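Undergrad: Turn this into a model:
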Amino acid sequence: MAEPWSQSAASLESIFSILSEHDHPFVMVGKYALNWMGVPVHSGYIMDILLRTSQAGSIYQALVQSGEWLEVDKSSIPELAILPESGEHDSIGWFKRYDDQWYISLCTEDTYHIVVDTEKIQVPHPINFNSVLVESEFHPNPQDEIRDARSSLPYLITDEGVKFVWGEPITFPVFIPTIPEYLDSCLNRIREWGYTCYMARMDMDNLARYLVLDSPHQQEKVLSKVENTEQLAEYFTQRQQRQERCMKRIMEQQRKHAALYGTTGKGLNLPFIMKAF
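TA: This is a model prediction of the structure:
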């Protein structure tokens, strides 16, 4: 039995072969796409692939008939079983590689609220070794070459001495949505399914954190390119309010700590540093 995500180019080629037969591009969404957007999330063993709604049924059947991918129930996938219940219905089906311990999830344009034939970004490989921001225009400070000063900021694909591609080379093109398109997708899903839309909200929070979208300068970059401008602006406002409430709680804890122990509460760890707008 192969190790989980053994980086088998042959396994990935089998997916591309079926997509190619349907004249369909290989478009990733979800965590594997976020890794190429500069978000260092653990991608896990499930790759989300976006399909045209009109071709989803045919591609689904082709995977079933391939003999290389086994149709599985969502409840049998450990990574999904631990997630909280939500109103999300992003996937129309899950498949497990017959000789490996990883899965693919088929998402349609209708369920993911994003169109396959829209602006996309080509990435070097489905899997990366270090998360990297391919769309450099959204980097908080791309001119800063001091690694220690930007250690929490995303890498750029032009950074030297950093390994990004993990695994064997591939012979087919791989795409992800642009960051504005992906934000619109998250916002559309939240609007449809409400605040129980766990994955979309988590993806937005991760993008906001690692692309420093609490900064007005960064906000301007994305607000000018998304369709859901008002909804995204409201998200930024609510995020700022949550941070302010969190900071107030921390400062109150520090005050109580100082009153109790006669110290300034220096030992308390702050989860973030508030920056003035």
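Undergrad: now the helices for the stretch 151-277 of the chain?
TA: Assigned by DSSP state H, counting those that start in this stretch, the helices in the stretch 151-277 of the chain fall at 179-193, 198-210, 216-223, 229-261.
Undergrad: Mean neighbour count, these: which tops it?
TA: helix 179-193 (a mean of 21; mean count of other Cβ atoms under 10 Å). No exception for glycine: its C-beta is placed from N, CA and C like everyone else's.
Undergrad: distance of the residue nearest to the spatial centre of the chain from I176?
TA: Centroid check for the chain by Cα atoms, centre = their mean gives L34 as the closest residue, at 3.0 Å. With the distance defined as Cβ to Cβ, to the nearest Å, L34 ends up 9 Å from I176.
Undergrad: surely V134 meets M37?
TA: Yes - when contacts are counted by Cβ atoms under 8 Å, V134 is listed as touching M37 (7.3 Å).
Undergrad: Common neighbours of these two, please.
TA: Taking Cβ atoms under 8 Å, 6 or more residues apart in numbering as the criterion, V134 and M37 both touch I176.
Undergrad: any weak-confidence spans in the protein?
TA: Within the chain, the ranges that satisfy pLDDT under 70 run 1-10, 78-90, 142-151, 166-167, 262-277.
Undergrad: any idea where the strands of it begin and end?
TA: 26-29, 46-51, 69-72, 91-97, 103-108, 120-123, 132-133, 155-156, 174-177 (DSSP state E).
Undergrad: can you list those strands in JSON lines and add mean neighbour count and distance to Q61?
TA: JSON lines is the format used below for those (neighbours: other Cβ atoms under 10 Å; distance: least, Cβ to Cβ, whole Å):
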{"stretch": "strand 26-29", "mean neighbour count": "23", "distance to Q61": "18"}
{"stretch": "strand 46-51", "mean neighbour count": "23", "distance to Q61": "12"}
{"stretch": "strand 69-72", "mean neighbour count": "15", "distance to Q61": "10"}
{"stretch": "strand 91-97", "mean neighbour count": "20", "distance to Q61": "10"}
{"stretch": "strand 103-108", "mean neighbour count": "22", "distance to Q61": "11"}
{"stretch": "strand 120-123", "mean neighbour count": "18", "distance to Q61": "25"}
{"stretch": "strand 132-133", "mean neighbour count": "24", "distance to Q61": "35"}
{"stretch": "strand 155-156", "mean neighbour count": "17", "distance to Q61": "40"}
{"stretch": "strand 174-177", "mean neighbour count": "22", "distance to Q61": "23"}
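Undergrad: No further questions, thank you.
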